[in-house]
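[1] Model the following, please.
(one chain, ligands or ions: 1)
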Amino acid sequence: MRSILEKKVVILAIESSCDDTSAAVIIDGILRSNVIASQKVHEEYGGVVPELASRAHQQNIVPVVDTALKRAGVKAEDLSAIAFTRGPGLLGSLLVGTSFAKGMAISLGIPLIDVNHLQGHVLAHFVEDGTGLNHPSLPFLCLLVSGGNSQIVLVKAYNDMQIIGQTIDDAAGEAFDKCAKVLGLPYPGGPWIDKLAKLGDANKYPFAKPQLAGYDYSFSGLKTSFLYTLRDMLRERNLETIDQLTEQVPNLREDMCASLQATIIDILMRKLKKAAQDLGIRQVAVAGGVSANSALRQAFVDYGKRYHWNVFIPPFSFTTDNAAMVCQAGYFKYLDGDFCAIGEVPYAKTTI
Ligand code: KG4
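    Take a look at the predicted model:
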């Protein structure tokens, strides 16, 4: 028998694209729960190990979904539909969430909604979580920066997005993580660089900046420039390790982090500014894991003041992978009656 929630739209969403198992519930457009189990197992390997990620998802998914339903005060029978991240992401990880969502949808006899992970990051800006979040009005530009993506997205409608610029090689998050690894910092390196950069001189090491036309990005040259700066310093001093170098060069890690972070942010913001000017758009948002970076968030505030933009910076809980954003995308699709066939399969790669 169905409960008093029968007439409400209750969406459960499952996110399992990489190394976070997450489930969220939205009831009539309001986020009621967002549970995230982050996987610590990858730390000692310096990056996500796909097989370990899918095994951890299998362990986490039942308690995570159960907790999300309990926190939202609903039962499985109250659900109107189940949304899931279909891709892009690690195939083994996606399979866990997809199969679980399918199993629940079949057993409950309710529709299934597939969500593009990248669109989910952008639509995180529309989550109503009761804290009075500001939502961008359409159309707006969204800088989507994560471990796997660096894109400028023109958002024309909830279901109509266009990538107008993107990285031709590494993503910004990848540049943070790989440079952090060179410095001997733990994985993921982005938050460590953010922390150390606060203590460093951003002008100390001038790194290479790409000269690409249009709105596209490139971060591989910067990564090489970072590596060669350290290599040359080691050679000059006849040293072998970064630890030896840090003993001889005061504040090395902090200054390298500050200079790297400032360069990445400058590259990101210049192209975004050009896009905003060319298109005459002043609604500008940021999304994805790298949007947790404190200096990037400050750069948005500063650019907003300087160029009269309305800026939208997500709360920290919506920056890295989470099911709340998937649930929001799923909710919009539910209202459109845009459901997915039970036989659909996840995809590792796709565009927005
Ligand atoms: O969106 P996300 O959780 O996963 C992907 O889908 O890639 O983003 C993860 C990325 C990692 O590269 C991580 O180092 C970066 O976001 N990141 C940060 C910060 N917090 C997370 N990068 C710079 N500063 C941060 N505070």
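
[2] Which residues of the stretch 1-150 of the chain lie near the ligand?
    Cys18, Ser146, Gly147, Gly148 (Cβ under 6 Å from any ligand atom). Every residue, glycine included, has its C-beta placed from N, CA and C.

[3] Determine which residue lies closest to the centroid of this structure.
    Residue closest to the average C-alpha location in the chain (Cα atoms, centre = their mean): Gly288, at 2.6 Å.

[4] For the spatially closest residue to it that is not a sequence neighbour, list the residues it contacts.
    What sits nearest to Gly288 in space, not counting adjacent residues and going by Cβ to Cβ, 6 or more residues apart in numbering, is Ser146, at 3.6 Å. Ser146 is in contact with His121, Ala171, Ala172, Gly173, Gly288, Gly289, Val290, counting by Cβ atoms under 8 Å, 6 or more residues apart in numbering.

[5] about what we covered before: let me know whether the residue nearest to the centre of the chain touches Val153 as I believe.
    No: using Cβ atoms under 8 Å as the test, Gly288 is too far from Val153 to be in contact (10.3 Å).

[6] Pull up the overlap in contacts between those two.
    Common neighbours of Gly288 and Val153 (Cβ under 8 Å, 6+ apart) are Leu144.

[7] can you give me phi and psi for the residue nearest to Gly288?
    phi -140, psi -170 (degrees, to the nearest 10).

[8] one step back: for the residue nearest to the centre of the chain, give me the backbone phi and psi.
    phi 100, psi 170.

[9] pLDDT score for the residue located most distally from the centre of the chain?
    Distance from the C-alpha centroid of the chain peaks at Asn238, with 40.3 Å (Cα atoms, centre = their mean). Listed pLDDT for Asn238 reads 97.

[10] Quick check: it vs Arg253, distance?
    20 Å (Cβ to Cβ, to the nearest Å).

[11] Please tell me how far whatever residue of the stretch 251-352 of the chain ends up closest to the ligand sits from Thr320.
    Proximity of the stretch 251-352 of the chain to the ligand (Cβ to the nearest ligand atom) peaks at Gly289, 1.9 Å away. As judged by Cβ to Cβ, Gly289 and Thr320 stand 5 Å apart.

[12] now swap in Cys257 and tell me
    20 Å.

[13] Comparing these two, which residue is more hemmed in?
    Between Cys257 and Thr320, counted using other Cβ atoms under 10 Å, Cys257 has the larger neighbour count: 28 against 24.

[14] Surely that one is in a helix?
    Yes: under DSSP: H, G, I helix; E, B strand; the rest coil, Cys257 falls within a helix.

[15] ok, now how distant is it from Ala202?
    Distance from Cys257 to Ala202, by Cβ to Cβ: 9 Å.

[16] For the one helix or strand Leu123 maps to, C-alpha coordinates in PDB please.
    Assessed by DSSP states H and E, Leu123 sits inside helix 117-123. Extracted as PDB, the C-alpha positions of helix 117-123 are listed here (Å, rounded to 0.1, in the frame of the first residue of the first chain):
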ATOM      1  CA  HIS A 117      27.000  13.300 -15.400                       C
ATOM      2  CA  LEU A 118      28.300  16.500 -17.000                       C
ATOM      3  CA  GLN A 119      24.800  18.000 -17.300                       C
ATOM      4  CA  GLY A 120      24.300  17.000 -13.700                       C
ATOM      5  CA  HIS A 121      27.300  19.200 -12.600                       C
ATOM      6  CA  VAL A 122      25.800  22.100 -14.500                       C
ATOM      7  CA  LEU A 123      22.300  21.500 -13.100                       C
END
